[in-house]
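# sequence first, then the predicted structure, then my questions.
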Amino acid sequence: METTRKLIRKQSLEKLYNILSTTRKVYAPVIASDKQVEYKYNPAFTDVTFDHIRSTLSVKNVVFPKVENLFYYTNKQTESTITDIDLNKIQDVVLWGAHPCDNAAFDTLRSIFCWDITDEFFAKRLEKLVVIGFSCHLSDEYCFCTSVGLTPNSTKGSDILLSRLKNGDYHAEILTEKGNAIVSISPELFESVTNEEAEITSVKQKFNHEQVTAKLATAFENPFWVANSLRCIGCGACAYVCPTCACFDIQDEASGKEGKRYRSWDSCGFGLFTLHTSGHNPRNVQSQRWRQRIMHKFSYMPERNNSLGCVGCGRCSSGCPVDMNIAEQLEALQNI
Ligand code: SF4
Ligand code: SF4
């Protein structure tokens, strides 16, 4: 679809938000009591933040929940009954205010969940999602979107992308049919575009991802991995905050003759992640797990999924308890 450009005034933005949040589920960022930025369903417009750099957790849970039931079962003597989850009950969600890196991550997740066999749970949630993204007018030392082929105003993954002007109004790029459907709810709120420039932050490029991918092809046995992962404590926080990490575990939870099977987020940084029942662990030490994380995102995914496994949001670095900084490590890797 050809992109349409419109102007939406500050007051109209509030009207649009209020219309959307009174008629459907809107997932928007707020500043929580501990000053962390988190997303909530249908907060009041006055509580929504427009000046955050990144939320603590990404927004991937709208398409890949932290814990998701897959089916229920009942056992009766020799018979078992399985009840599927009714995916038609998954509701429409409008994601409001997520930044371009997080929105681009939906494409990355699609390249994983719909790679060979389509994951119906993920696909249905993505189908039901409308993304109203906001360009970044703020950034910090952890951001590196420009090193992974994105920019602070990339449109990838957004249905509408809003960019703030100096006077508080917004330019709107309407990018998809889902975006058009939002505009058609209140077309009078979208006016003719002006020449005013949007406030977009600049993010320094820290490494060249193609050079990193090329370097990784021969780096598997390099001492770099041990030297650069000695302080990693394997807490898994980097995977939990990451918008593109998609590993999950599957468990059964039963009581008497009834139970359910569910999946929940997992992390390749955990020692138990690859532990076999025999006791053998093919990734026995933390350096092998750290190598896997980087290899998967920057070597295996470009090869298998035609997609990088990182959008440069900087969450893993800003959230790591021992200051492992992925961008610094990738920059160093490029030069080994
Ligand atoms: S957050 Fe840091 S310490 Fe924890 S697993 Fe990731 S790199 Fe290691
Ligand atoms: S690997 Fe780190 S910087 Fe890259 S997308 Fe995940 S959390 Fe963001």
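Received it, and whenever you're ready, just let me know what you need. Ligands and ions are numbered 1, 2, ... in the order given.

# around ligand 2, which positions in the stretch 151-300 of the chain sit nearby?
241-244, 297 (Cβ under 6 Å from any ligand atom). Where you see a C-beta, it was placed from the backbone N, CA and C, and this is true even at glycine.

# name the member of those residues with the most neighbours.
Using other Cβ atoms under 10 Å as the neighbour test, those are led by Pro243, with 28 neighbours.

# show me what contacts it?
58-60, 101-102, 105, 108-109, 311, 313, 315 (Cβ atoms under 8 Å, 6 or more residues apart in numbering).

# can you put these in JSON lines and add secondary structure and pLDDT?
JSON lines is the format used below for the contacts of Pro243 (DSSP: H, G, I helix; E, B strand; the rest coil; pLDDT from 0 to 100):
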{"residue": "Ser58", "secondary structure": "coil", "pLDDT": "98"}
{"residue": "Val59", "secondary structure": "coil", "pLDDT": "98"}
{"residue": "Lys60", "secondary structure": "helix", "pLDDT": "98"}
{"residue": "Cys101", "secondary structure": "helix", "pLDDT": "98"}
{"residue": "Asp102", "secondary structure": "helix", "pLDDT": "98"}
{"residue": "Ala105", "secondary structure": "helix", "pLDDT": "98"}
{"residue": "Thr108", "secondary structure": "helix", "pLDDT": "98"}
{"residue": "Leu109", "secondary structure": "helix", "pLDDT": "98"}
{"residue": "Val311", "secondary structure": "coil", "pLDDT": "98"}
{"residue": "Cys313", "secondary structure": "coil", "pLDDT": "98"}
{"residue": "Arg315", "secondary structure": "helix", "pLDDT": "98"}
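
# just to revisit the earlier point, let me know the closest of the residues of the stretch 151-300 of the chain next to ligand 2 to Glu14.
Checking those against Glu14 by Cβ to Cβ gives Pro243 as the nearest, at 27.2 Å.

# pLDDT at that closest one, what is it?
pLDDT for Pro243: 98.

# you'd agree it is in a helix?
No: counting by DSSP: H, G, I helix; E, B strand; the rest coil, Pro243 is not part of a helix but coil.

# closest to ligand 1 out of the contacts of Pro243?
The closest of these to ligand 1 turns out to be Arg315 (Cβ to the nearest ligand atom; 9.7 Å).

# any idea which residue sits dead centre in this protein?
Pro243 (2.5 Å; Cα atoms, centre = their mean).

# that one and Thr277, how far apart?
Note on Pro243: its distance to Thr277, by Cβ to Cβ, to the nearest Å, is 32 Å.

# kindly report the same for Ile336.
Taking Cβ to Cβ as the measure, Ile336 and Thr277 are separated by 37 Å.

# between the two, which one's more packed in?
Higher neighbour count among Ile336 and Thr277: Ile336, with 12 against 5, using other Cβ under 10 Å.

# packing partners of the helix or strand where Leu161 lies?
Using DSSP states H and E, Leu161 sits within strand 160-164. On a contact count with 3 or more Cβ pairs under 8 Å, 6 or more residues apart in numbering; DSSP states H and E, strand 160-164 meets strand 129-134, strand 170-174, helix 177-183.

# and which of the residues of the stretch 151-300 of the chain next to ligand 2 is nearest Ser154?
Distances from Ser154 to those, taken as Cβ to Cβ, are shortest for Pro243 (13.5 Å).

# what does this protein put close to ligand 1?
Residues of the chain lying near ligand 1 (Cβ under 6 Å from any ligand atom): 232-238, 269, 320-322, 324.

# just the buried ones among those residues, please.
When the residues of the chain next to ligand 1 are checked for burial by 16 or more other Cβ atoms under 10 Å, the buried set is 232, 234, 236-238, 269, 320, 324.

# could you dump these to CSV with secondary structure, pLDDT and distance to Gly256?
CSV is the format used below for those (DSSP: H, G, I helix; E, B strand; the rest coil; pLDDT from 0 to 100; distance: Cβ to Cβ, whole Å):
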residue, secondary structure, pLDDT, distance to Gly256
Cys232, coil, 97, 42
Gly234, coil, 96, 36
Gly236, coil, 96, 32
Ala237, helix, 97, 36
Cys238, helix, 98, 39
Gly269, coil, 95, 36
Cys320, coil, 97, 42
Met324, coil, 97, 45
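
# what's the closest of the residues of the stretch 151-300 of the chain next to ligand 2 to ligand 1?
The closest of these, once distances to ligand 1 are taken by Cβ to the nearest ligand atom, is Val241, at 8.1 Å.

# so who does the residue nearest to the closest one when sequence neighbours are not counted touch?
In this structure, Val241 finds its nearest non-sequential neighbour in Arg315, 4.2 Å apart by Cβ to Cβ, 6 or more residues apart in numbering. Each residue near Arg315 by Cβ under 8 Å, 6+ apart is listed here: 54, 56, 58, 142, 238, 241-243.

# follow-up on the earlier one: okay, the helices and strands packed on strand 160-164, which one's buried deepest?
Ranked by mean neighbour count under mean count of other Cβ atoms under 10 Å, the helices and strands packed on strand 160-164 are led by strand 129-134, which reaches a mean of 24.
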